[in-house]
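A.B. asks: fold the following.
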Amino acid sequence: MENKIYETKIGGRDVSVQVGKYAQLSNGSCILRCGETVVMVNANVAASPRDGVDFMPLSCDFEEKMYAIGKIPGGWKRREGRPSDKAILVARLIDRPLRPLFPKDFFNDITVVATALSVDQDIAPEPLAMLGSSIALSLSSAPFQGPTGSVIVGMVDGQFVINPDTKQREASKLHLTVSATKDAILMVEAAANEISEENMLAAIGFAHEEIKKQVAFQEQIIKENGKAKVEFVSAFDAPEIPELKKELEKFAKTEVLALLETKDNKVMKQGMAKLVDEAIAKFAADKPELKHIIHEILWEDVFKGNLTERSIKGSRLDGRKHDEIRDIWCEVRLLPRVHGSGVFTRGQTQALTTCTLGMLSDNQVLEGLDDEEEKRYMHHYNMPPYATGEAKMLRSAGRREIGHGALAERALEPVLPSEEEFPYSIRTVSEVLSSNGSSSQASVCGSTLALMDAGVPIRSPVAGIAMGLMKHPGSGKVVVLSDIVGEEDHFGDMDFKVAGTFEGITAIQMDIKIKGIDADVLKTALKQAKDGRIHILNKMLAVMPAPRAEVSKYAPKIINFSIDPEKIGDVVGKSGKTINKIIEQTGVKIDIEDDGRVFVASSDAEMLAKAKEIIMSIVTDPAPGMKAQGVVVKIMPFGAFVEYGFNGDGMIHISKLSNKRVEKVEDVVKVGDEVLVEVIKVDDRGKIDLKLLEKIAK
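C.D. replies: Next up is the predicted model:
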């Protein structure tokens, strides 16, 4: 392929796309540059499907190379290891808008690898990686039905900004990522500081207008450089399939309608599995190639078709109205030794969240391409197999768990108190005990309860809800569903999660399974989500109306104060000797920030006060009149040397041991005596003269 460079502007910045010069054996490749940020994206497609694969095997990765920001990776290996959570979240952003744009029975492996080669902190690589994934796939031979465009939108001083820089991100009330085709929105992900539904809708529309320009730009590149697409004929387009669909509809409809009336998730799944086996035995006994097609037709056409038709007519699986929320109950303080705990149950979905408070030294240390170095609030999400009644092995957190945890984290972060107001590191962990739709949003609700139960003074409670969409393939009629259950999620055309407070939205995650939705559907979904969110918040506040006034007796008590940053070395001491001695004597934990902020933690209020007193004595310059308790450490003919405070020292001249004449120093004090002294003079060299006030009886 000939080396070519194409140029455009995105958000007012120059962006170039280079094709044909690098990674020439890759099926589709491009390098994007914006300022000093450079991202390479490669897309490849296997020549044939793997045996036994019955799903669309798309794999997307975002590679963070530490050389991109001029750093050597940490760890003893000094090389990049498993992807960071941030890299996994970016990979999910790349994946989600691409997946709906492939034929559902294309089973050849497809890989998309975006690599950040150089990163300017003012120009985020994520939107370039997402744009590059569309270009690389469109240039490849994969049957990709794009192109798509992607942008990040910020909101600074009431104005929307495309792909904001560092200062704009810090000032922004919104961090919105949108992917779309030129015709419709495919994916939305947002973190917001209580943005109104109207502003959110306007921001999405603003993003789409910019994306339309990106798509037009890509069309020229694809026209001049695109490869011929893989010859692929869907098995569902075979001449005999329409007749098979009619036969399967006739065979299964009565049973499917009966299953839809059961309102029991397990019975429904078991009944459909049995029906699929019977249909395969009848229609594919000597045609094994039809097994997958029969399975898909029964689930995706017969079951989903009847479910959609019922939903549009107003009859949901469990009998609720379109905007009706399932029954809710909550409780707090379930676990006595945990700092905070909350259970949120909505229908058959149940999440138990715990809250643990720690020192700021417990903050998560980050190593990635961002300039962010640590994270104070962590939310972790776990969904074991028993949550859906399955007998499977437990595994470590996967991409789904990391994504759901990050969504809840974004939803709650805007309402957390500042470090100055509440000097704790905070971790919430959501254990999904039962899942039948919207467990990620149940974890948002459960986390709010756990934070309040732990005494975290959150500014406002946060609740989350998942919205769904059913679109009739024939008539095109659509219905938006509030608080979707598992089947409505799996067989629906949209999963739209919205979290927020009474005042506004704090987080959004939207995935589309069809080729996009329009603004009217989004507007309806946001309106219903707000109504549902307020209903849920009122249910939660009936159980936990406000954060507890004090943290748990099992949580550390933390005081914070400031010292002169130049005195930090005095408190720490050589090789940490001084600070370790304070910790040994008081049993407290101590964190000292570079700006001089000191955080002291202990469950013992007396020891907290003692540790603070010691630290302040170290950093307070001695002055005449200052009094302190000390120990005699050395006797000389002319006086006694005393260590006072914690690491101060001075001398009591023999004439200052008493108001009377003293013949020998030993007549008044001996080594080891505890004494109360007063500073009477500090000379230019820092030498301190003391006066004995009294001996302290042991």
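
A.B. asks: which secondary element of this structure has the worst mean pLDDT?
C.D. replies: Taking mean pLDDT, DSSP states H and E as the measure, the chain has strand 364-365 as its least confident helix or strand, at a mean of 83.

A.B. asks: next secondary structure after it?
C.D. replies: On the C-terminal side of strand 364-365, the closest following helix or strand by DSSP states H and E is strand 374-375.

A.B. asks: show residues contacting the least confident helix or strand of the chain.
C.D. replies: 373-375, 378 (Cβ atoms under 8 Å, 6 or more residues apart in numbering). All C-beta spots, glycine's among them, are computed from the backbone N, C-alpha and C.

A.B. asks: end to end on stretch 676-695, go ahead and measure it.
C.D. replies: Using Cα to Cα, to the nearest Å, the end-to-end distance of stretch 676-695 comes out at 6 Å.

A.B. asks: for stretch 493-512, what does the pLDDT average out to?
C.D. replies: Along stretch 493-512, the predicted local confidence has a mean pLDDT of 92.

A.B. asks: now do the end-to-end distance for that stretch.
C.D. replies: 6 Å.

A.B. asks: how about stretch 510-522?
C.D. replies: By Cα to Cα, the extent of stretch 510-522 from end to end equals 10 Å.

A.B. asks: distance between that stretch and the chain's centre?
C.D. replies: 23 Å (Cα atoms, centre = their mean, to the nearest Å).

A.B. asks: same check on stretch 580-591?
C.D. replies: 34 Å.

A.B. asks: so what touches that stretch?
C.D. replies: 359-361, 556, 571, 573, 579, 598-602, 604, 607-608, 610-611, 614-615, 646.

A.B. asks: and it, what's buried?
C.D. replies: For stretch 580-591, burial by neighbour count (16 or more other Cβ atoms under 10 Å) applies to 582-583, 586, 588-591.

A.B. asks: tally of neighbours for the closest residue to residue 608 other than its chain neighbours?
C.D. replies: Spatial nearest neighbour of residue 608, chain neighbours left out: residue 602 (5.0 Å); criterion: Cβ to Cβ, 6 or more residues apart in numbering. Residues lying near residue 602 (other Cβ atoms under 10 Å) number 21.

A.B. asks: kindly report the same for residue 281.
C.D. replies: 10.

A.B. asks: for residue 626, phi and psi?
C.D. replies: Main-chain dihedrals, residue 626, degrees, to the nearest 10: phi -70, psi 130.

A.B. asks: that one is in contact with residue 679, isn't it?
C.D. replies: Yes. Applying Cβ atoms under 8 Å, one finds residue 626 in contact with residue 679, separated by 4.6 Å.

A.B. asks: bridging residues for residue 161?
C.D. replies: Residue 161 has these beta-bridge partners by DSSP bridges: residue 154.

A.B. asks: what sits up against stretch 549-562?
C.D. replies: For stretch 549-562, using Cβ under 8 Å, 6+ apart, the contacting residues are 337-340, 357-359, 420, 423-424, 454-456, 589, 595-603, 605, 608, 612, 616.

A.B. asks: show me those that map onto strands.
C.D. replies: Within the contacts of stretch 549-562, residues falling in strands by DSSP state E are 340, 357-358, 589, 597-602.

A.B. asks: longest helix of this structure?
C.D. replies: Ranked by number of residues, the top helix in the chain under DSSP state H is helix 197-225.

A.B. asks: the helix or strand just after that helix - what's its average pLDDT?
C.D. replies: Proceeding N to C from helix 197-225, the next assigned helix or strand is helix 241-262, under DSSP H and E. The average pLDDT for helix 241-262 rounds to 88.

A.B. asks: between the next helix or strand after helix 241-262 and helix 241-262, how big is the angle?
C.D. replies: Per DSSP H and E, helix 241-262 leads on to helix 265-283 as the next helix or strand towards the C-terminus. Orientation check (axes from the mean of the first three to the mean of the last three Cα atoms, to 10 degrees): helix 265-283 against helix 241-262 gives 150 degrees.

A.B. asks: checking the residue sitting nearest the centre point of the chain next. Helix, strand or coil?
C.D. replies: By Cα atoms, centre = their mean, the mean C-alpha position of the chain lies nearest to residue 406, the distance being 1.8 Å. Three-state call for residue 406 (DSSP: H, G, I helix; E, B strand; the rest coil): helix.

A.B. asks: please name the nearest non-neighbouring residue to residue 101.
C.D. replies: residue 145 (4.3 Å).

A.B. asks: residue 650 too?
C.D. replies: Nearest to residue 650 is residue 688, by Cβ to Cβ, 6+ apart, at 3.4 Å.

A.B. asks: which residues are in contact with that neighbour?
C.D. replies: 622, 648-651, 679, 681-682.

A.B. asks: quick check on those: which are buried?
C.D. replies: 622, 648-651, 679, 682.

A.B. asks: turn these into CSV, columns for secondary structure.
C.D. replies: Shown next, in CSV, are the buried ones among the contacts of residue 688 (three-state DSSP):
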residue, secondary structure
622, coil
648, strand
649, strand
650, strand
651, strand
679, strand
682, strand
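
A.B. asks: so which one among these has the lowest pLDDT?
C.D. replies: Comparing pLDDT over the buried ones among the contacts of residue 688, the lowest reading goes to residue 648, 75.

A.B. asks: relative to residue 622, how far out is it?
C.D. replies: 6 Å (Cβ to Cβ, to the nearest Å).

A.B. asks: low-confidence ranges in the stretch 401-550 of the chain?
C.D. replies: In the predicted model of the stretch 401-550 of the chain, residues 474, 515-517 satisfy pLDDT under 70.

A.B. asks: re the thing from before, out of the ones in strands among the contacts of stretch 549-562, flag the one nearest to residue 279.
C.D. replies: residue 340 (50.7 Å; Cβ to Cβ).

A.B. asks: need the nearest residue in space to residue 444, chain neighbours excluded.
C.D. replies: Nearest to residue 444 is residue 464, by Cβ to Cβ, 6+ apart, at 3.6 Å.

A.B. asks: if we can go back for a sec, in TSV: the contacts of residue 688, plus distance to residue 539.
C.D. replies: Converted to TSV, the contacts of residue 688 look like this (distance: Cβ to Cβ, whole Å):
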residue	distance to residue 539
622	60
648	59
649	64
650	65
651	70
679	63
681	69
682	65
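
A.B. asks: would you mind checking which of those residues is nearest to residue 319?
C.D. replies: For the contacts of residue 688, the nearest to residue 319 is residue 648 (76.8 Å; Cβ to Cβ).

A.B. asks: go ahead and confirm that closest one touches residue 617.
C.D. replies: Yes. Counting by Cβ under 8 Å, residue 648 touches residue 617, with 7.0 Å between them.

A.B. asks: need the pLDDT of residue 647.
C.D. replies: Confidence score, pLDDT, at residue 647: 64.

A.B. asks: for residue 67, same thing?
C.D. replies: 92.

A.B. asks: distance of it from residue 118?
C.D. replies: For residue 67, the distance to residue 118 - Cβ to Cβ - is 8 Å.

A.B. asks: okay, the two: which has more neighbours?
C.D. replies: More crowded of residue 67 and residue 118, by other Cβ under 10 Å: residue 118, with 19 against 13.

A.B. asks: what bridges to that one?
C.D. replies: Residue 118 has these beta-bridge partners by DSSP bridges: residue 38.

A.B. asks: pLDDT value on it, please?
C.D. replies: Looking at residue 118, the pLDDT reads 97.
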